[in-house]
Every structure is written in structure tokens, then in C-alpha cells.
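Colleague: Quick one, what's the 3D model for this:
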Amino acid sequence: MASLALVEYPGSSKAGHPQRPQEVRPQSIRVLHVINGEHYAGAERVQDLLAQELPQFGFQVGLACIKPGRFPEMRQTQDVPLYELPMRHRFDLRAVWRLVQVIRREGYQLVHAHTARSALIAALASIITGVPMVHHVHSPTAHDTTHRWRSRINALVERLSLARASALIAVSASLGRHTRRRGFRSEKVSVVPNGVPSRRPVARRLPPRAQWTLGTVALFRPRKGLEVLLQALATLRSQGLAVRLRAVGDFETPEYQRRIQDLVEELSLADAIDWTGFRQDIDAELAQMDLFVLPSLFGEGLPMVVLEAMAAGVPVVATRVEGVPEAVRDGRDGVIVEPNDPDALAAGLQSVVTGRVDWQSLRESAARRHASRFSEKSMAAGVAEVYRRLTSAFALAH
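Modeller: Model (predicted):
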């Protein structure tokens, strides 16, 4: 079995060909995060921030990428070892042996998975190496997509894989309850809210006088509710309100993009939307938004982009899905409406645009709430505490 005694980081730049291994302090426990990596969205942002913040808590992070795509290029922690272990298909288990080699050669003492696919690979590697496994629950896997059978398969794979997990980290209290309802023992489940860097003091801004820019940021796919937002936008414009939309992100598939383009034409919104595509500098995008809109239908744990909007002092109008109301208090830090209801979303947006809900109060309260509850340091501290409990228990047992 792998020892959890404190060890020095070997500093190798050869095993698995990591990119620019970082200089680290001695006497730290080494954790290998196993990620997909085809996107740079919320879950990937969590891993990037943890790799940046965990060293101050005595944990050194490596990253193993099983679907290398945008993440290797876009990550902020370029000095953290990255091992690319690409899988040709969902059940390409050759990645397991490559992961085992990295764990053994580089002396990793914990393995931390973040998706259904990475959970499968990490669980098998955990069995072979004896290294404990942690799994991060970012969203309810059984309700992660509108493809029913894909969601069911992912949930089944994850459920079988997590039988090996020594600890589960849910990003919101609602996901924690969901995880326990799926049959996982309460003592294995910890709730550690997501967090993003603070940006206080928030720059002073005056409410818009002529035109309001609504913004949304996502990997656009059916469960993100973009259709609902477009219908709400059309309603607001039909009421004579000067609003336009700034949509930041890529589309999951060309088919879905064509579907949205058809709806835009049908609603006569072509001149009211700026499609920016993927952007790495979210701060710069948020600075151009007066309201941030999250119209998701389901499948949100605790969206990083909502926290980023709060940190930047951009009021949020969002749907009541999973962990969102745990961050955004209706009428205090933003506005919460029911999902899949264009009229409700339009009414929520209208309440701020027309001044019925004070925009300045929302932004100030949101920034304060983020700083006190949802910083990247509080997230890393919570994850580090889970690691400490697990490593202490493992050391006593062995």
C-alpha cells in the first residue's frame, strides 16, 4: 500500500512528461487531480484554482488530463505538472495503466477525480496502487444533460466507480443532500462551496442610463436555458426596454448552434445580441455587463461564473436550480426566478432594469457575500481539511 508519510517532491520533469514542474516546499502531501480537460469551464476552473491555492495548506497538486483539449492551453497554473493521458473513447482503459505509472513514479499519495469518466479511471488506478481516492461532485450526474440515456450511463459509471472513493466533496448543500440520497454514507460526504478570487474593492459604477447590457457566460447546450433567455429578451424589447445580450462562450455542438440561430431569427433578435465566442478573460467580459443572467434549466451545482459575477459586483438574475439560491439571496444579492419560464425570467430582469429592485444595492451586497463565503481560499481550505481527515485516517489504518 502507498505510504502517506510526508515526503519531499522529487522534482522530476520526465515522468509522464509534465509541463514545467513547479518548485514546492518539502514535507507536503502530493495529490493528483484527474480531469477531462476538453473544455475550460466551471469544473476545470475549480481544479485550476485548487492547484494554485492548495500548496499553502501543505498539499502539492499535479494534473492528469484524460481528454486534452482547451484546459492544457488555458489553465492559469502553467507551473503545475500536467500529464496528458488521452483516451480514444469512453472505455479506453489504457489510461488506467498510464495513470498508475504516474502515481507510482511521482509518488502521489491521493488521487482526486472530478467527472464520471475520470472517476472510472481514478478508481481503477486507486485499486491497483492502494492510493486513496477523492471525488468532487460538481453537478448531479443523472441530470447533467438532456440526453436521458447518456445521463443514465454516466450516473451508473460514476456510481460504480465511487464505491472505491474514500471521500466525496459536494460543491453545494443541495448536491450534498443529493449525494446522500444516492446511498453514499453521510460520513463520506463533505460540502465545500466553490470559490473564486475576490476583486474588492469593487469598482464604482453608475446604473445604465440609455441601454442595459445583459450578459451570460456558458458552454452553450440545451440545459443552459439559452432559449428561455432569448424569449425573455424578446419580451423585454417588445415592452420598449433598451436591452441587449452579450453571450460569451462556445456551443457544445454545431446542431445546437443552428437551432439557436433559427430561434434568434424567429424572434428578430439578430441585431440585439453580441456573440463573443469563448473568452479566457472573464473579468473583462463581466466589466461590460450590467446584469449577469443564468437561465439554466437544471444540472448546476454551484456555478463558478455566478460567483465571478458576484465578486465583480455584477448583479445576478438566475433560476432556482440546485446550489444557485445558496449563493444568491433573492432580492438581496440578486434575483431568483423559476426555471424554464420565459415570463418569470423577463419579470425578474425587468424588476432591476426599471429600478423596482435597486441595482446598486444588489451589486454591493453580492460583492460582500462573495468575499465572506465564496473565495478561492475558503474553497481550498475546505478541500484541504477533507484531505487532512482522509490522510490521518489512512495513516492510522496502515
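
Colleague: Surely residue 275 is in a strand?
Modeller: Yes - under DSSP: H, G, I helix; E, B strand; the rest coil, residue 275 falls within a strand.

Colleague: Nearest spatial neighbour of it, chain-adjacent residues omitted?
Modeller: Leaving out its chain neighbours, the residue that sits closest to residue 275 by C-beta to C-beta, 6 or more residues apart in numbering is residue 247, at 5.3 Å. Heads up, the C-betas are built off the backbone N, CA and C, glycines and all.

Colleague: How about residue 294?
Modeller: residue 318 (3.9 Å).

Colleague: The one you found is in contact with residue 336, isn't it?
Modeller: Yes - with contact defined as C-beta atoms under 8 Å, residue 318 reaches residue 336; the gap is 6.1 Å.

Colleague: Looking at the two, which has the bigger crowd around it?
Modeller: Taking other C-beta atoms under 10 Å, residue 318 and residue 336 do not tie; residue 318 has more neighbours (26 against 20).

Colleague: and that one, what are its phi and psi?
Modeller: Main-chain torsions, residue 318, degrees, to the nearest 10: phi -140, psi 160.

Colleague: repeat for residue 163
Modeller: Taking degrees, to the nearest 10 as the convention, residue 163 sits at phi -60, psi -20.

Colleague: Which parts of the stretch 51-200 of the chain are helices?
Modeller: 71-74, 94-106, 116-129, 148-161, 173-181 (DSSP state H, counting those that start in this stretch).

Colleague: For this protein, give me the ranges with low pLDDT.
Modeller: Within the chain, the segments meeting pLDDT under 70 span 1-27, 141-159, 200, 394-398.

Colleague: domain parsing for it?
Modeller: 29-195+375-397, 212-373 (automatic domain parsing).

Colleague: distance between the last one and the chain's centre?
Modeller: In this view, domain 212-373 has its centroid 17 Å away from the chain centroid, taken as C-alpha atoms, centre = their mean, to the nearest Å.

Colleague: nearest to residue 323, of the helices of the stretch 51-200 of the chain?
Modeller: helix 173-181 (5.1 Å; C-beta to C-beta).

Colleague: which residues touch the closest one?
Modeller: Contact with helix 173-181 is made by 137, 139-140, 168, 170, 186, 189-191, 301-302, 322-323, 326, as judged by C-beta atoms under 8 Å, 6 or more residues apart in numbering.

Colleague: Please spell out the ChimeraX selection for the buried subset of the residues you listed.
Modeller: Selecting only the buried entries of the contacts of helix 173-181 in ChimeraX, with 16 or more other C-beta atoms under 10 Å as the criterion:
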select :137,139,140,168,170,189,190,191,301,302,322,323,326
